[in-house]
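Q: Predicted model follows, preceded by the sequence.
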Amino acid sequence: MTYKDYLDYSKLPTIFCPGCGLGIGLKAILQSFSDLNLKKEDIIFVSGIGCSSRIPGYVDFDSLHTLHGRAIPFATGVKLSHPEKNVIVITGDGDGLSIGGNHMIHAARRNINIKVFLFNNMTYGMTGGQASPTTPLKKITSTTPYGKYDSNFDSVELLKGSGSGFIARGTVYHYNMLLKVVKESLIYKGFSFVEIITPCPTYYGRLQGIDDPAKFFIKLKDFVYSIDQKDILKEEEKKDKLPIGIFKNERKETFEEIYFKIVENLKAK
Amino acid sequence: MKELLQGNIAASYGAIDGGIDFFAGYPITPSSEILEMFSKELPKLGKIFIQMEDELASICAVVGASLSGKKALTATSGPGFSLMQEGIGYATITEAPCVIINVMRGGPSTGLPTNVSQGDYMQSKWGTHGDHPMIVFSPKNPQEFYWLTRISFNVAFYYKNPVIILSDESVAHMRAEVLRTLPPYNLKFKEKEKLDLPFNFEYDLTSNPFIGEGKKVRITGLFHDETGFPINEKSMVEKVMNHLINKIEHNKENLFLYESDGLENAEIAFVGFGIIGGLIKELKYIFDSKGFKTSFFRPITLNPLDDIKIINLFKNIKKVFVIELNKGQLLLDIKRILSCNKEINFIGFTRGDIPKIGEVYKKIEELL
């Protein structure tokens, strides 16, 4: 199967704006399914609310488009009902780190075997370009007309603190690297978190004065550096930039493994 | 075999005997015994128990499990029930067959955590935003709490709708004799047509696939077509909304459970729900022994109410006394249904206790 076989063509085109990076991110995820030979009946997408959360509508397998911020608890219910399936959460920076931030850290702590792909466009695209928890300090948005007063989350550091065993970040500009990271996260057993940085030219880009999507994509290249070069690069070369790559890949006993072991022990009694 | 059980424990056994697969919850007084009970019993049965980070997560995990075809339940109380409203609304539009137990305590806000109240009557019916269908049952004692919880999964799956069991602190903490028997309610569950698409809006009740069956089940909280894809075409939106309302509205005769005595031959009726059930029965006994012709009526199903049935039951009644542990919520429904030719009186208590019968008797005597 190719990545195209995982799409429901009867529901296309998508509602995404021209120049949006969500399609590239989706392709990387579907290409990974194809490379790993995942069967459609073994995959379930769960999303919250926002632009990226509309992705599950376009795939050719089970999908659950839920409430704002609540994709992870819904996915928890689905995963524990079908422990053998690949339950995958598609979320965004507002959905997953603001309104759903509490669920994110607890799911990471709990280590349920769900995969989280968080599309970070640094804004609320669906509602008109308001500031999100990942919008950098001093940036202009629809709700920070004088520049953003408060700092942004570094999701990688947040997830480290929450105990996630797999943490990675990629961008839609670095497609091959993203594909590798997504595939690794799918192979990993346990809660995994992948942040995918993607441009929103319609709102975030326009408000920063970058109205050309192509220019915005090129800007992504300068916004990040590879974690492999962390020790080679000088401090000023890393300033105001985010590292990309796999930050943690550490196997731990999952919630399901511990829970079902207890169930087995109780049965034996 | 009769067992002496606390209401919350009786309800937990009701869920276990009804075939519960999945419980997600968060501690809150006065419902925590249910959470603790399942934490102990469900792993033994190979079923899922999970303590979530809050009530928002609890209801969402439960709805996720129920959309995966599992018999899923959560239990909470006032503040937690308020937090769950968004998830309950999602369950109504996605037709998720889940069960929510709300053990009422004094409100608003943190209110009276360890005391009884009936202040969530309206919230249980209309708590989530937008027009929506809802099924609400209310038990008067641990036995009924057991039966209603036991049958709630059948009702939820048959109507593809959330079911709320509106209990209260006193029913939940009262210890009484409970028989773990089949519920005595005459609820009919007919064979439903099996369809391949996740949704149907032509017929009131059908059987549709769940997530995880390999049938490409697409679900959204937006208005959607039969494939579960978001829509905003006006006539289709109306069709979906009509379907959601009608599947309950057209079946309210089958869903409407109540207990009553003497309505046909009396002029006075005492009305109340839940824990007040015992008090109104007692009032009838006392007033009858003093030569009055009285009766009582207790809806067990709080939503949907069968208005026509209630009008017919009350046709000889001239005076109604509605007694509640709130400022008059069932009263609003009784006034709406019966007020055209009857005198309707209200006696409410919001102190956090159940009044002694003598106090209620005196208030009624003054109004007679």
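A: Now that the structure is in, tell me what you want to look at.

Q: Quick check: which element contains A:E195?
A: Using DSSP states H and E, A:E195 sits in strand A:192-197.

Q: who's in contact with that strand?
A: A:25, A:28, A:104, A:108, A:114-121, A:155-156, A:159, A:164-172, A:178, A:181-182, A:185-186, A:220, A:223-224, A:242, A:244 (CB atoms under 8 Å, 6 or more residues apart in numbering or on different chains). All C-beta atoms are positioned from the backbone trio N, CA, C, and that covers glycine.

Q: Residues of the stretch 101-250 of chain B that sit close to chain A?
A: B:211-212, B:214-222, B:228-230 (CB under 8 Å from any CB of the partner chain).

Q: Which among the residues you listed count as buried?
A: B:211-212, B:215-222, B:228-230 (16 or more other CB atoms under 10 Å in any protein chain shown).

Q: Tell me the one of these nearest B:Y90?
A: B:Y90 has its nearest neighbour among these in B:G221, at 4.8 Å by CB to CB.

Q: That closest one touches A:L67, doesn't it?
A: Yes. Applying CB atoms under 8 Å as the test, B:G221 and A:L67 come out as touching, 6.1 Å apart.

Q: now the residue of the stretch 51-200 of chain B found nearest chain A, nearest residue through space, not along the chain?
A: Using CB to the nearest CB, the single residue of the stretch 51-200 of chain B nearest to chain A is B:G64, 2.7 Å away. Leaving aside its chain neighbours, B:G64 sits nearest to A:G77 (2.7 Å; criterion: CB to CB, 6 or more residues apart in numbering or on different chains).

Q: The one you found: what secondary structure?
A: Following DSSP: H, G, I helix; E, B strand; the rest coil, A:G77 is assigned to helix.

Q: before we move on, the earlier item: want to throw the buried ones among the residues of the stretch 101-250 of chain B next to chain A into TSV with secondary structure and pLDDT?
A: Converted to TSV, those look like this (DSSP: H, G, I helix; E, B strand; the rest coil; pLDDT from 0 to 100):
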residue	secondary structure	pLDDT
B:I211	coil	98
B:G212	coil	97
B:K215	coil	96
B:K216	coil	96
B:V217	coil	98
B:R218	strand	98
B:I219	strand	98
B:T220	strand	98
B:G221	coil	98
B:L222	coil	98
B:G228	coil	97
B:F229	coil	97
B:P230	strand	97
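
Q: which among the residues you listed gets closest to B:E267?
A: B:G221 (49.3 Å).

Q: Name the nearest residue to the closest one, sequence neighbours excluded.
A: B:Y90 (4.8 Å).

Q: Next one: that neighbour from A:H68, what distance?
A: For B:Y90, the distance to A:H68 equals 10 Å [CB to CB, to the nearest Å].

Q: do the same with B:S124
A: Distance from B:S124 to A:H68, counting by CB to CB: 24 Å.

Q: ok, these two, which is more surrounded?
A: Using other CB atoms under 10 Å in any protein chain shown as the criterion, B:S124 and A:H68 rank with B:S124 on top: 23 against 18.

Q: Show me what counts as buried in the helix or strand encompassing the more buried one.
A: Using DSSP H and E, B:S124 sits in helix B:121-126. For helix B:121-126, burial by neighbour count (16+ other CB under 10 Å) applies to B:121, B:123-125.

Q: neighbouring contacts of the helix or strand following that helix?
A: The C-terminal neighbour of helix B:121-126 among helices and strands, as given by DSSP H and E, is strand B:135-137. Strand B:135-137 is contacted from outside by B:124-125, B:148, B:152, B:155-156, B:159, B:161-166, B:248, B:255, B:257, B:300-304, using CB under 8 Å, 6+ apart.

Q: Try it again at 7 Å.
A: The contact list for strand B:135-137, computed with CB atoms under 7 Å, 6 or more residues apart in numbering or on different chains, reads B:124-125, B:148, B:152, B:155, B:159, B:161, B:163-166, B:248, B:255, B:300-303.

Q: Same question for stretch A:96-103.
A: By CB under 7 Å, 6+ apart, stretch A:96-103 touches A:48, A:68-73, A:91, A:104, A:118, A:132-134, A:153, A:155, B:53-54, B:57.

Q: now do stretch B:197-204
A: With CB under 7 Å, 6+ apart, stretch B:197-204 has contacts from B:193, B:206, B:208-209, B:217-219, B:224, B:226-228, B:239-240, B:243, B:246-247, B:250-251.

Q: and it, how far from the chain's centre?
A: Put simply, stretch B:197-204 sits 25 Å off its chain's centre (CA atoms, centre = their mean, to the nearest Å).

Q: distance between the ends of it?
A: 15 Å (CA to CA, to the nearest Å).

Q: Equivalent analysis for stretch B:103-114, please.
A: 11 Å.

Q: now it: mean pLDDT?
A: Averaged across stretch B:103-114, the pLDDT comes to 96.

Q: which helices and strands sit right next to the helix or strand harbouring the residue of the stretch 51-200 of chain B closest to chain A?
A: Here B:G64, judged by DSSP H and E, is contained in helix B:55-67. Here helix B:55-67 touches helix A:71-81, strand B:22-25, strand B:72-76, helix B:78-93, going by 3 or more CB pairs under 7 Å, 6 or more residues apart in numbering or on different chains; DSSP states H and E.

Q: Tabulate the ones you listed (JSON lines), appending mean pLDDT, mean neighbour count and distance to B:A172.
A: Listed next are the helices and strands packed on helix B:55-67 as JSON lines, based on pLDDT from 0 to 100; neighbours: other CB atoms under 10 Å in any protein chain shown; distance: least, CB to CB, whole Å:
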{"stretch": "helix A:71-81", "mean pLDDT": "98", "mean neighbour count": "30", "distance to B:A172": "25"}
{"stretch": "strand B:22-25", "mean pLDDT": "98", "mean neighbour count": "28", "distance to B:A172": "14"}
{"stretch": "strand B:72-76", "mean pLDDT": "98", "mean neighbour count": "30", "distance to B:A172": "9"}
{"stretch": "helix B:78-93", "mean pLDDT": "98", "mean neighbour count": "23", "distance to B:A172": "13"}
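
Q: can you give me the strands for the stretch 151-300 of chain B?
A: B:163-168, B:175-179, B:193-194, B:206-207, B:218-220, B:258-261, B:268-271, B:294-299 (DSSP state E, counting those that start in this stretch).

Q: Ok, the stretch 1-150 of chain A next?
A: Counting by DSSP E, counting those that start in this stretch, the strands of the stretch 1-150 of chain A are A:43-47, A:62-65, A:86-92, A:115-120, A:123-124, A:130-131.

Q: Let me have those strands in JSON lines, adding mean pLDDT and distance to chain B as columns.
A: What follows is those, written out as JSON lines (pLDDT from 0 to 100; distance: least, CB to the nearest CB, whole Å):
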{"stretch": "strand A:43-47", "mean pLDDT": "98", "distance to chain B": "6"}
{"stretch": "strand A:62-65", "mean pLDDT": "98", "distance to chain B": "4"}
{"stretch": "strand A:86-92", "mean pLDDT": "98", "distance to chain B": "9"}
{"stretch": "strand A:115-120", "mean pLDDT": "98", "distance to chain B": "15"}
{"stretch": "strand A:123-124", "mean pLDDT": "97", "distance to chain B": "17"}
{"stretch": "strand A:130-131", "mean pLDDT": "98", "distance to chain B": "20"}
